[in-house]
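> could you look at this predicted model? Sequence included:
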Amino acid sequence: MIAITLQRQKCIGCNYCVELCPELFRMSKKDGKSVLLKSVDKKGFYTVRVNDLFSDSSKAAAEACPVKIISIR
């Protein structure tokens, strides 16, 4: 299992995460920021645990993020 964390408030809405990992990320129609699907919010840090099936695409999304707000553990 891996844990993916998104600092949503700092998102600039570039859409790279959605393009690289559409299974886990969507863009909000309300504010144009990224949403980490099925995540839990803890003080602005949205976290979800997923199996290793998404490890390559989620790592690619984290590396492509220009503001570096996605972390993988």
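Looks like it arrived, so ask away. Note that the structure is predicted; figures quoted are calculated from it, not measured.

> now do the buried residues in the helix or strand Thr47 falls within.
Element membership of Thr47, judged by DSSP states H and E, is strand 45-50. Buried residues in strand 45-50, defined by neighbour count with 16 or more other C-beta atoms under 10 Å: 45-46, 48, 50. All C-beta atoms are positioned from the backbone trio N, CA, C, and that covers glycine.

> pairing partners for that strand, with directions?
Note on strand 45-50: by DSSP bridges, its sheet partners are strand 2-7 (antiparallel), strand 40-42 (antiparallel).

> so which of the ones you listed gets nearest Gly13?
For Gly13, the closest of these is strand 2-7, at 12.7 Å, according to C-beta to C-beta.

> following that closest one, which helix or strand comes up?
Next along from strand 2-7, by DSSP H and E: helix 16-20.

> tell me what that following helix is packed against?
Applying 3 or more C-beta pairs under 8 Å, 6 or more residues apart in numbering; DSSP states H and E, one finds that helix 16-20 contacts strand 25-27, helix 55-64.

> with mean neighbour count and distance to Ile12 added, can I get the ones you listed in TSV?
Converted to TSV, the helices and strands packed on helix 16-20 look like this (neighbours: other C-beta atoms under 10 Å; distance: least, C-beta to C-beta, whole Å):
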stretch	mean neighbour count	distance to Ile12
strand 25-27	17	12
helix 55-64	17	13
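
> output the ones you listed in CSV; the columns should cover mean pLDDT.
Output for the helices and strands packed on helix 16-20, formatted as CSV (pLDDT from 0 to 100):
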stretch, mean pLDDT
strand 25-27, 98
helix 55-64, 95
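
> relative to Lys10, which of these is closest?
The minimum distance between Lys10 and those falls on helix 55-64, with 13.5 Å, by C-beta to C-beta.

> can I have that closest one written out in PDB, keeping just the CAs?
The C-alpha coordinates for helix 55-64 follow below in PDB (Å, rounded to 0.1, in the frame of the first residue of the first chain):
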ATOM      1  CA  SER A  55       2.200   3.600  -7.900                       C
ATOM      2  CA  ASP A  56       3.700   4.400 -11.300                       C
ATOM      3  CA  SER A  57       1.000   6.800 -12.400                       C
ATOM      4  CA  SER A  58       0.700   8.600  -9.000                       C
ATOM      5  CA  LYS A  59       4.500   9.000  -8.900                       C
ATOM      6  CA  ALA A  60       4.400  10.500 -12.400                       C
ATOM      7  CA  ALA A  61       1.700  12.900 -11.300                       C
ATOM      8  CA  ALA A  62       3.800  13.900  -8.200                       C
ATOM      9  CA  GLU A  63       6.900  14.600 -10.300                       C
ATOM     10  CA  ALA A  64       4.900  16.600 -12.900                       C
END
